[in-house]
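sequence first, predicted model second:
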Amino acid sequence: MNAASPNASQTARQRARAELTREIKEAARRQLAETGAPQLSLRAVARELGLVSSALYRYFPSRDDLLTALIIDAYDSLGEAAEAAAAANGTAGPRRGWRAVCHAVRDWARANPHEYALIYGSPVPGYQAPRDTVAPAARVPLVLGQLVRDSCAAQAPSSAGTAAAPPLPAILAAQAAIVAGAIAPGVPEPLIVRVLIAWTQLFGMISFELFGQFVGSADPADDFFDYAIEQMIAYIPVIG
């Protein structure tokens with residue numbers, strides 16, 4: 001019988017490593033749901049999986065490395081949901097695309113509340129997110145920025161609703177120029193600021209809903225969310 005080739009053995013090891021990495025992250029997500037991100041413990045994860053701690057450290061050298069992996073996974077999963085919604089609806093016009101993306105983000109957050117809390121909730125004490133998290137975190141604003149950019153390319157941006165607005169303060173204008181360069185090159189700074197306002201409104205509403213801040217006011221939040229999204233669409237001239 002022929003011995004397994006070195007390449008086959010390497011592939012088997014890679015599959016085994018990928019599977020154990022997946023199991024480690026799944027166990028860590030269960031711990032997030034039970035105790036929250038600040039209490040995430042490599043020892044507790046190893047204990048749940050029946051591993052010695054030293055074995056786990058070969059996959060994630062520290063708690064922060066495991067947190068970073070979970071954060072990147074969460075941002076990527078959310079980004080994929082937003083991108084899929086835009087791809088499925090964007091050809092029907094920017095209004096429909098924007099609406100679909102907002103609902104996809106909310107649906108993802110409601111289905112994954114602990115992962116949402118990890119990336120948009122309170123910072124984890126002592127944890128400093130590395131640069132590796134920046135690109136995944138930008139996926140949703142990139143989708144929204146592309147919708148606006150495509151609309152600007154298809155039509156001259158309307159000055160309705162922006163001409164009467166006060167001029168941007170110098171610092172804000174500079175910040176908006178940086179954001180425009182990152183997510184929507186060529187889009188005027190006043191329009192980018194409106195996109196920023198709508199973007200933060202979206203995540204603010206979702207955070208209020210998930211963290212119980214609408215109790216006694218707009219709970220359940222379905223009608224409020226729908227109405228607010230339409231208002232934000234109207235607030236951005238080229239898509240409203």
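Structure received. Numbering: from 1, shown residues only.

what lies in contact with stretch 193-207?
Stretch 193-207 is touched from outside by 102, 105-106, 109, 116, 120-121, 140-141, 144-145, 148, 162, 168, 172, 176, 179, 184, 187, 213, 221, 224-225, 228-229, 232-233, 235-237, with contacts defined as CB atoms under 8 Å, 6 or more residues apart in numbering. For glycine as for every other residue, the C-beta is placed from the backbone atoms N, C-alpha and C.

mind doing that once more with 6 Å?
When contacts are taken as CB atoms under 6 Å, 6 or more residues apart in numbering, the neighbours of stretch 193-207 outside the stretch itself are 102, 106, 109, 141, 144, 148, 176, 232, 235-236.

need the mean per-residue confidence for stretch 233-240.
Per-residue confidence for stretch 233-240 averages out to 90 on the pLDDT scale.

and that stretch, how far out from the chain middle?
Centroid separation for stretch 233-240 versus its chain: 22 Å, with CA atoms, centre = their mean, to the nearest Å.

list the buried residues in it.
By neighbour count on 16 or more other CB atoms under 10 Å, the buried set for stretch 233-240 is 233, 235-240.

okay, the residue sitting nearest the centre point of the chain and residue 82: tell me how far apart.
Taking CA atoms, centre = their mean as the criterion, residue 75 is the residue nearest the geometric centre of the chain, at 4.1 Å. To residue 82, residue 75 is 11 Å away according to CB to CB, to the nearest Å.

helix/strand/coil for the residue nearest to the centre of the chain?
Following DSSP: H, G, I helix; E, B strand; the rest coil, the label given to residue 75 is helix.

domains for the chain, by residue range?
1-61, 75-235 (automatic domain parsing).

which parts of this structure are helices?
With DSSP state H as the definition, the chain shows helices at residue ranges 6-35, 42-49, 53-57, 63-89, 94-111, 113-120, 134-137, 139-154, 170-183, 189-210, 222-235.

nearest to residue 127, out of those?
When the helices of the chain are compared by CB to CB, helix 63-89 sits nearest residue 127, at 5.7 Å.

buried ones in that closest one?
Those would be 63-64, 66-75, 77-79, 81-83, 85-86, 89, for helix 63-89 by 16+ other CB under 10 Å.
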